[in-house]
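*Asks:* Provided below are the primary sequence and the corresponding predicted coordinates.
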Amino acid sequence: MKKLEIIIKPEKLEDLKEVLDSCEVNGMNIVNSMGYGNQKGIIKNYRGSEYAVNLLPKVKVETVVTDEVAPTLIDKIVKEINTGHFGDGKIFVYDVEDAVRIRTGEHGTDAL
């Protein structure tokens, strides 16, 4: 199993949810966060004054999928979310040793 940690712009969340639904992902966890990447924030103008915004709004979506689904899902996410601009986001992939459904005690992919 693979855990995907997907960090994107908030306005792309609905697009991401459509991709996850199309790949029949069973669940996800969504967290609002603030952060920056390589660009270290942006410069904005407000009433004639420039100021730096170092922390930008982001959304982190976490999901766990089978090893077979992960590569296809990652490709679909990159294709759908990519705008070609800084700040599109990142996907971090982790190996998951086990998952346990608390209600039934099921383990592994059965718990997903």
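*Replies:* Structure's in. What do you need? Here the structure is a predicted model, which is why all the values come from computation and not from measurement.

*Asks:* alpha carbons only for contacts and neighbour counts from here, please
*Replies:* Will do.

*Asks:* the residue lying closest to L55 once chain neighbours are set aside and I42, how far apart?
*Replies:* Nearest in space to L55, with sequence neighbours left out and distances taken as Cα to Cα, 6 or more residues apart in numbering, is G35 at 4.7 Å. The gap separating G35 from I42 is 11 Å, by Cα to Cα, to the nearest Å.

*Asks:* check P71 too.
*Replies:* Computed with Cα to Cα, the distance linking P71 and I42 is 32 Å.

*Asks:* any idea how far apart the tips of stretch 86-101 sit?
*Replies:* 38 Å.

*Asks:* for it, buried residues please.
*Replies:* Within stretch 86-101, the residues scored as buried using 16 or more other Cα atoms under 10 Å are 87-89, 91, 99.

*Asks:* which of those residues fall within strands?
*Replies:* The members of the buried residues of stretch 86-101 that map onto strands under DSSP state E are I91.
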